[in-house]
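Sequence first, then the predicted structure:
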Amino acid sequence: MLVFGTLSVIAGAGVLLTKYTGLGDLYVLIISILIGLGAYFLIYYFLVVPMSNAESSTSISVYDLERKIGEVITTIPAKGMGEVFVSSSSGSRNETAISFDQVEIKQGKQVVVVEVKDHTLYVSELEEF
């Protein structure tokens, strides 16, 4: 965006200065480059910076799932991996899970995410009182 915008302004300024002024080619080139640099900074500070600051994502990191409650959708063996469905305010997602207590957790059970390591959830079965 910046490169093409700047080149467009330099070219446009060059065409206009050549056509409507009696300046020499070197002066037209220098003035066009200066106008292009000015346009570069205007584009950067008034378009690029505000857009990058306004950028927000509705997705959450897998590391934000700690302490969240989910449901086992694929049985988690004592020494293996299964899959957990976790809902949050920004949406729902399925994640790979390992039993934190190294016990089998059956499909359909409620679990709590104890920790997250290497994009894998370590979960414990949620015990009801």
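Alright, I've got the coordinates. Residues are numbered from 1 along each chain as shown.

how far does stretch 16-28 sit from the chain's center?
46 Å (CA atoms, centre = their mean, to the nearest Å).

Pull the number of nearby residues for residue 97.
25 (other CB atoms under 10 Å). Backbone N, C-alpha and C define where each C-beta goes, glycine included.

State the distance from it to residue 108.
Separation of residue 97 from residue 108 (CB to CB, to the nearest Å) stands at 14 Å.

ok, residue 81 touching residue 95?
No - applying CB atoms under 8 Å, one finds residue 81 not in contact with residue 95, separated by 10.3 Å.

residues shared between the contacts of the two?
residue 120 (CB atoms under 8 Å, 6 or more residues apart in numbering).

So these two - more neighbours on which side?
Taking other CB under 10 Å, residue 81 and residue 95 do not tie; residue 95 has more neighbours (17 against 13).

Which residues are in contact with the more buried one?
62, 65, 70, 83, 84, 86, 119, 120, 121.

Only the buried subset of the residues you listed, as a ChimeraX command please.
If you want just the buried ones from the contacts of residue 95 in ChimeraX, going by 16 or more other CB atoms under 10 Å, the selection is:
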select :62,65,70,83,84,86,121
